[in-house]
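>>> Provide a 3D model corresponding to the input given below.
(one chain, ligands or ions: 1)
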Amino acid sequence: MRTTILGTGAIAAQHASSIAALGEHGVAAQVVHAVDIDADRAARFATDHGVPGHGTSLADVLPETDVLHVCTPPGAHLAATLEALAAGVHVVVEKPAVLSLAELDRIAAAERSAAPARNGVGTARFTQVVQHRFGAGALRLRRLLDDGALGRPLVATCDTLWFRPPAYFDVPWRGRWDTEGGGPTMGHGIHQFDLLLAMFGEWTEVTAMAGRLAREVDTEDVSMAIVRFASGAMASVTNSLLSPRETSDLRFDTEKATIELSHLYGYSDDDWTFTPVAGQDDVARHWGPEPDALPSGHLAQFVPTYRAFAAGEAPPVTAADVRGTLELAAAIYRSAFTRVPVRAGQIGPDDPFYESMRGSGPEWAPVKDVAEEVAR
Ligand SMILES: NC(=O)c1ccc[n+]([C@@H]2O[C@H](COP(=O)([O-])OP(=O)(O)OC[C@H]3O[C@@H](n4cnc5c(N)ncnc54)[C@H](O)[C@@H]3O)[C@@H](O)[C@H]2O)c1
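Reported below is the predicted structural model:
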């Protein structure tokens with residue numbers, strides 16, 4: 001597989017090192033081009049990571065690319081993704097893949113009519129980075145929930161308590177609806193509540209609040225939500241960039257056990273704890289370390305993803321698989337900005353929150369016309 005990395009900033013290095021490690025997992029892949037609107041950055045990245053080609057034009061290198069990794073700011077993801085799919089190039093897009101539900105639906109439609117894949121099997125496919133679904137702990141918990149070993153899922157907490165100082169927002173694309181898509185709900189907590197949904201399944205209803213408490217941004221800098229799931233389970237979700245002692249904490253209570261994960265940007269098996277209901281210690285036998293367990297991270301997702309591309313199969317994470325997470329983000333904004341609960345499926349093409357997470361606008365910057373429309 002010949003890979004091109006588009007956008008050679010902070011996260012691109014993680015992609016390059018993970019692709020370099022694919023060989024150890026029986027996948028033949030190499031980064032052949034590094035592309036960035038900033039030519040010097042692309043050149044530096046190519047030198048640092050031993051990439052033979054570098055430049056500023058994606059169109060020039062697509063004919064020599066089997067897989068494109070999109071590591072630009074979110075506002076540039078859609079155009080690159082559509083260009084790749086039309087050229088028969090598989091595309092791995094950083095989170096959040098898009099700025100809105102409308103954009104994700106455009107990608108799903110483009111994928112349905114994508115060109116034959118350049119690597120010669122099937123058609124070009126889309127996937128999004130959701131690396132925390134792929135650590136051994138998450139895979140084990142999913143399996144135990146599926147086979148009923150833990151009983152019904154009941155209660156969860158999902159806290160992304162991170163800290164970003166004012167200087168973090170000096171980067172022009174951060175903290176803006178049109179380039180980042182949203183604040184910590186879209187850009188940071190989305191890692192954790194994506195994992196929550198991957199474990200507890202389909203959500204049905206959310207009530208939320210959002211605030212811009214301490215940073216000079218257009219978006220929120222904190223949001224909180226209460227979510228009900230199709231199973232009847234309930235969860236609270238906090239997304240903050242204002243929390244000096246940083247942590248990413250998830251807690252899952254089922255009929256038979258409490259399973260907790262406490263980490264920051266990635267976890268290994270050591271970051272999980274398992275507490276069975278008193279007197280039911282035998283349940284704990286299900287929760288044990290596994291040989292060859294991978295920590296969460298890009299590599300853990302890229303291994304099965306590249307295997308699927310090579311076989312002409314759908315990758316483990318499709319546009320449909322990430323839509324529930326993006327819809328929950330949109331619903332958190334809608335509930336926060338309109339002060340009413342939002343049901344799954346409610347945000348259709350006629351809804352202001354379909355085209356943009358900003359929708360009718362927050363109380364600190366309402367979009368007048370849209371707010372009136374929502375009120376009607
Ligand atoms: N999965 C994760 O854990 C994780 C962590 C951090 C960032 N991210 C995501 O990765 C993406 C990039 O974030 P980052 O922190 O690396 O950003 P960054 O600002 O460090 O780097 C972005 C790079 O893209 C380039 N660029 C901008 N517009 C472009 C365009 N149209 N074409 C080509 N290049 C362009 C910039 O010059 C820059 O080099 C974002 O979507 C972000 O949310 C994911």
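>>> what about whichever residue of the chain sits closest to the ligand, which SS state?
For the chain, the residue closest to the ligand is Gly9, as judged by Cβ to the nearest ligand atom, at 1.8 Å. In short, each C-beta sits where N, CA and C put it, glycine included. Following DSSP: H, G, I helix; E, B strand; the rest coil, we place Gly9 in the coil state.
>>> that one against Arg41, yeah?
Yes: Gly9 is within contact range of Arg41, at 7.2 Å (criterion: Cβ atoms under 8 Å).
>>> domain parsing of the protein, as residue ranges.
Taking automatic domain parsing as the domain assignment, the ranges for the chain are 2-129, 132-294.
>>> how long is the longest one end to end?
By that I understand domain 132-294. 11 Å (Cα to Cα, to the nearest Å).
>>> repeat for the shortest one
Here the two ends of domain 2-129 are set 19 Å apart, with distance taken as Cα to Cα.
>>> what distance do you get for the residue of the chain closest to the ligand to Pro315?
Separation of Gly9 from Pro315 (Cβ to Cβ, to the nearest Å): 24 Å.
>>> give me the more crowded residue out of those two.
Pro315 (20 against 14; other Cβ atoms under 10 Å).
>>> which residue packs closest to Pro63, ignoring adjacent ones?
Ala87 (7.4 Å; Cβ to Cβ, 6 or more residues apart in numbering).
>>> quick one: the one you found from Gly120, how far?
In terms of Cβ to Cβ, Ala87 sits 14 Å off from Gly120.
>>> how about Ala336?
Ala336 is 47 Å from Gly120, by Cβ to Cβ.
>>> so between the two, which is more surrounded?
Each of Ala336 and Gly120 has its neighbours counted (other Cβ under 10 Å); Ala336 has more, 23 against 10.
>>> spatially nearest residue to the residue of the chain closest to the ligand, not counting backbone neighbours?
Cys71 (6.7 Å).
>>> next: His298.
Ser18 (4.1 Å).
>>> tell me if the one you found really is in a strand.
No: counting by three-state DSSP, Ser18 is not found in a strand; it is helix.
>>> number of residues surrounding it?
19.
>>> do Asp271 as well
Residues near Asp271, counting by other Cβ under 10 Å: 17.
>>> what residues does the stretch 1-150 of the chain put near the ligand?
6-11, 36-38, 41, 71-74, 76, 94-95, 129, 131 (Cβ under 6 Å from any ligand atom).
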